[in-house]
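[1] give me coordinates for this.
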Amino acid sequence: MPDLWIDNAPRAAASGATFTTPNPATGEVLAELARGDRADVDLAVASARRAFPPWARTDPNERQRILWKCGEAILANLEALARLETLDTGKPITNARTIDVPRTADTFFYFAGWATKLTGETIPVRGPFLTYTVREPLGVIAAIIPWNFPLLLAARKIAPALAAGNTVVLKPPEEASLSCLELARILAEAGLPPGCLNVVTGHGEEAGAALVAHPDVAKISFTGGTDTGRLIMRNAAATLKRVSLELGGKSPNIVFQDADVKSAAKNAIGAAFYNQGELCTAGTRLLVQRSIHDEVLDIVVSGARAMVPGDPLDPATTMGPLVSEVHHRRVLGYIAQGDAEGARREVGGRHAGSNGCDQGWFVAPTVYSGVTPEMTIAREEIFGPVLSVIPFDDVEDAARIANASEFGLAAGIWTRDITRAHSLAARLQAGTVWINTYNRFDAASPYGGMKQSGFGRENGRAVLDEVTQVKTVWVATS
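    Residues are numbered from 1 along each chain as shown. Sure thing, here's the model as predicted:
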């Protein structure tokens with residue numbers, strides 16, 4: 001039975017309680033996990049507090065060396081990690097092998113370099129003084145992550161925090177914790193000292209809430225749903241914790257008539273349905289200029305029809321099941337709502353699965369036309385393979401529809417007019433805008449949201465501001 005991970009060793013929950021995690025493709029139980037609660041969070045935070053001073057004082061070159069070895073160890077365990085990620089989340093194993101695990105390693109490689117490059121500045125002030133700033137780590141950072149990319153999203157929080165000298169307590173998703181526990185074991189074998197990373201599995205309202213309330217946690221870094229983000233922000237106020245939130249999205253993907261229409265339409269399929277649509281930045285609102293609407297719709301429907309869900313362990317599979325039975329019901333509820341509100345379902349809906357996976361939680365890629373911006377499926381984050389195709393007339397119309405959302409995580413623009421592209425990118429209320437591409441990420445590129453999609457940034461130089469604090473020093477020179 002996978003246990004908690006505290007002080008570089010497995011440990012049963014203090015209460016002895018457990019919970020099961022199922023295989024989304026079959027519904028069968030994969031494993032029993034330790035159900036951590038407040039007592040376990042206390043142990044994990046105490047461990048991280050003990051580890052913080054020596055880790056913060058560790059020579060940055062040594063922290064760099066350890067983080068680089070962590071990246072190498074992740075690649076050395078690529079196949080095992082990819083298989084765990086697929087079994088636990090339902091994502092196609094080809095995606096886990098080629099995207100999730102390599103980019104997890106790349107995140108550690110990238111932030112290993114930053115360990116030796118955190119600098120302050122000297123500031124000219126009035127009088128005979130030398131005034132300078134230094135960047136210092138915060139202390140214990142609590143990382144709470146969702147189930148769609150547990151391995152990669154854990155790395156995005158762990159690697160920069162460790163590079164800056166912090167220690168981390170990770171609360172993985174209850175639906176998919178196995179790869180995070182294996183990651184902790186791998187990092188320990190690579191040389192990460194005890195207490196620098198502790199992992200407490202369990203339910204959000206128990207382990208997650210205890211982390212948010214804990215007085216010795218300096219910061220909460222959360223990725224997940226907007227409603228949960230609001231709750232975390234309210235509860236963190238009691239101890240004046242720092243908070244960064246990467247929340248939901250309802251991203252517009254805008255195709256103009258002068259674009260390479262076939263390329264834009266084919267990319268729109270991946271933008272909407274990659275990872276079963278369980279992606280915060282999924283391009284779930286496809287805005288198409290009216291003159292090319294039918295052409296784009298035909299290509300998208302044909303592409304969606306060709307994506308047949310199947311066994312995620314089969315390398316040929318391009319779409320697996322949704323992560324859980326609860327989420328499966330939720331997505332099917334949105335499809336029923338789309339039907340009821342008068343949108344035209346061109347393709348998709350419930351899918352029985354195939355290749356021995358007929359008991360799994362499958363939904364076929366679903367495309368709606370005749371969607372208006374007021375419909376539920378065009379406003380709310382579904383987090384599944386459901387795409388709304390919405391026509392627009394001109395740039396003004398596209399900008400109005402795109403920004404008519406409480407979310408502001410990402411957006412896409414497809415056009416050959418570079419002036420229009422830059423002008424519209426400036427107007428879109430989104431933390432990331434892709435032009436003639438979609439869903440591109442890199443450890444060096446900042447990522448985060450606006451409006452109800454949260455605040456704070458992950459990746460790149462920007463995240464280091466989230467995991468450090470500035471100290472100013474004045475020295476009298478006379």
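
[2] how about the closest residue to Asp442 other than its chain neighbours, phi and psi?
    Distances taken as CB to CB, 6 or more residues apart in numbering place Asn459 nearest to Asp442, at 7.2 Å, with adjacent residues excluded. No exception for glycine: its C-beta is placed from N, CA and C like everyone else's. Note on Asn459: its backbone torsions stand at phi 70, psi 160 [degrees, to the nearest 10].

[3] how far away is Asn459 from Glu466?
    Distance from Asn459 to Glu466, counting by CB to CB, to the nearest Å: 10 Å.

[4] could you look up the SS state of Gln337?
    Recorded secondary structure, Gln337: helix (DSSP: H, G, I helix; E, B strand; the rest coil).

[5] what pLDDT does the closest residue to it other than its chain neighbours get?
    Spatial nearest neighbour of Gln337, excluding adjacent residues (CB to CB, 6+ apart): Thr376 at 4.9 Å. We have a pLDDT of 98 for Thr376.

[6] next one: Arg416
    At Arg416, the model reports a pLDDT of 98.

[7] cool, and Gln359?
    Note on Gln359: pLDDT of 81.

[8] wait, it sits on Gly27?
    Yes - counting by CB atoms under 8 Å, Gly27 is a contact partner of Gln359 at 4.6 Å.

[9] count the residues that sit near the residue lying closest to Gly460 once chain neighbours are set aside.
    Spatial nearest neighbour of Gly460, excluding adjacent residues (CB to CB, 6+ apart): Pro446 at 4.1 Å. Neighbour count of Pro446, defined by other CB atoms under 10 Å: 16.

[10] for Pro446, what are its contacts?
    Arg457, Glu458, Asn459, Gly460, Arg461, Ala462, Val463 (CB atoms under 8 Å, 6 or more residues apart in numbering).

[11] do the same with Leu424
    Contacts of Leu424 by CB under 8 Å, 6+ apart are Ile254, Val395, Ala398, Ala399, Ile413.

[12] how about 7 Å then?
    Val395, Ala399, Ile413 (CB atoms under 7 Å, 6 or more residues apart in numbering).

[13] quick check: closest non-adjacent residue to the second one.
    For Ala399, the nearest residue in space outside its immediate sequence neighbours is Arg427; the separation is 5.1 Å by CB to CB, 6+ apart.

[14] just to revisit the earlier point, adding neighbour count, distance to Asn77 and pLDDT, write the contacts of Pro446 out as CSV.
    Below are the contacts of Pro446 laid out as CSV (neighbours: other CB atoms under 10 Å; distance: CB to CB, whole Å; pLDDT from 0 to 100):
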residue, neighbour count, distance to Asn77, pLDDT
Arg457, 20, 29, 97
Glu458, 22, 23, 97
Asn459, 20, 23, 97
Gly460, 18, 26, 97
Arg461, 14, 29, 97
Ala462, 15, 29, 97
Val463, 27, 25, 98
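
[15] with distance to Gly320 as added columns, please give those residues in CSV.
    As requested, these are exported to CSV (distance: CB to CB, whole Å):
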residue, distance to Gly320
Arg457, 30
Glu458, 25
Asn459, 26
Gly460, 30
Arg461, 35
Ala462, 32
Val463, 30
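
[16] now the two most distant members of these.
    Glu458 and Arg461 (11.5 Å; CB to CB).

[17] which non-adjacent residue is nearest Phe149?
    Asp100 (6.3 Å).

[18] that neighbour: neighbouring residues, count only.
    With other CB under 10 Å as criterion, Asp100 counts 25.

[19] with Ala271 instead?
    25.

[20] how about it, secondary structure?
    Per three-state DSSP, Ala271 ends up helix.

[21] kindly state the pLDDT recorded for Leu464?
    98.

[22] picking that back up, which one of the contacts of Pro446 is nearest to Thr223?
    Once CB to CB is applied, the member of those that ends up nearest Thr223 is Glu458, at 8.0 Å.

[23] so what's the closest one up against?
    For Glu458, the contact set (CB under 7 Å, 6+ apart) comprises Arg156, Glu246, Tyr447, Gly448.

[24] re the thing from before, in this structure the residue nearest to Phe149 contacts Leu152, no?
    Yes - contact criterion CB atoms under 7 Å: Asp100 and Leu152 qualify, at 5.2 Å.

[25] and Arg344, bridged to which residues?
    Residues in a beta bridge with Arg344, per DSSP bridges, are Ser369.

[26] just give me the neighbour total for it.
    12.

[27] so it makes contact with Val371?
    No - if you go by CB under 7 Å, Arg344 and Val371 don't touch, sitting 8.3 Å apart.

[28] for the lowest-mean-pLDDT helix or strand in the chain, name the packing helices and strands.
    Lowest mean confidence among the helices and strands of the chain (mean pLDDT, DSSP states H and E): strand 344-351, at a mean of 92. With contacts taken as 3 or more CB pairs under 7 Å, 6 or more residues apart in numbering; DSSP states H and E, strand 344-351 sits against helix 293-306, helix 325-340, strand 362-369.

[29] buried residues in it?
    Glu346, Val347, Gly348, His351 (16 or more other CB atoms under 10 Å).

[30] ditto for stretch 188-196
    Applying 16+ other CB under 10 Å to stretch 188-196 flags Ala188, Ala190, Leu192, Gly195, Cys196 as buried.
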